[in-house]
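Undergrad: turn this into a structure:
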Amino acid sequence: MTAHTATRAGDTMTDKTRTLARHIPTAARVLLGLGFFASGVFGLLTVLGVVAMPQPPTPPPENTAAFMGGMMKSGYLFPLIKITETVVGVLLLSNRFVPLALTIIAPVIVNILAFHAFLAPSGIVPGLVLCALEIYLAWAYRDAFRPMLAPRAKASTP
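TA: Residues are numbered from 1 along each chain as shown. This next block holds a predicted model:
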């Protein structure tokens, strides 16, 4: 009876671990989705003039201000990025087309990291968190990416 109890206790612990592990991709997906949805909506509200652009307590370095100013003055780049972030956030939060959403947002994450690595290193931590979530989710959904990574692919014929 003791051996049976020990086995059941071990199984229970394994079941709890499996249950927790099963929810980690969902938590990562929701966190990434919330981050991009919030950032995208706030950015769109800023572009539309509903919300004022927050001003940092100290003026940003010249190259950082030039980069941000260029994105804003282009007339399309900043809104395009914010629309992309909002749509990806909605897709991730709704658990629809997750691999597609991860693919679409990957260049944005790379640019966030590059921006902070080269222009504003003090703010790199959120970018690293987004990158870690993206990499984890790409791994969790790796089966969906496998066909995309084939060295040779055949075109579909009608």
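Undergrad: E85 reaches G33, doesn't it?
TA: No. Using CB atoms under 8 Å, E85 is not in contact with G33; the gap is 10.2 Å. Where C-beta positions appear, they are placed from N, C-alpha and C, glycine not excepted.
Undergrad: residues in contact with the residue nearest the centre of the chain?
TA: With distances taken as CA atoms, centre = their mean, the residue of the chain nearest its centroid is L32 (4.3 Å). By CB atoms under 8 Å, 6 or more residues apart in numbering, the residues touching L32 are L92, L130, L133, E134, L137.
Undergrad: widest-spaced pair of the residues you listed?
TA: Using CB to CB, the contacts of L32 span at most 11.6 Å, a distance reached by L92 and L130.
Undergrad: hey, what's in contact with both of those two?
TA: Contact criterion CB under 8 Å, 6+ apart; residues shared by L92 and L130: L32, F36.
Undergrad: C131 contacts I109, correct?
TA: Yes. At 5.5 Å, C131 counts as touching I109 under the criterion of CB under 8 Å.
Undergrad: okay, those two: which has more neighbours?
TA: I109 (19 against 16; other CB atoms under 10 Å).
Undergrad: circling back to that earlier point, neighbour count for L92 and L130, which is higher?
TA: Neighbour totals were compared for L92 and L130, and L92 leads with 26 against 20 (other CB under 10 Å).
Undergrad: which ones are touching the more buried one?
TA: Neighbouring residues of L92 by CB under 8 Å, 6+ apart: R29, V30, L32, G33, F36, F37, V98, A101.
Undergrad: mind checking how far it is from I124?
TA: Applying CB to CB, to the nearest Å, the value for L92 to I124 is 22 Å.
Undergrad: ok, now I81?
TA: Going from I81 to I124 by CB to CB gives 18 Å.
Undergrad: between the two, who's got more neighbours?
TA: Shown here are I81 and I124; by other CB under 10 Å, I81 has more neighbours (18 against 15).
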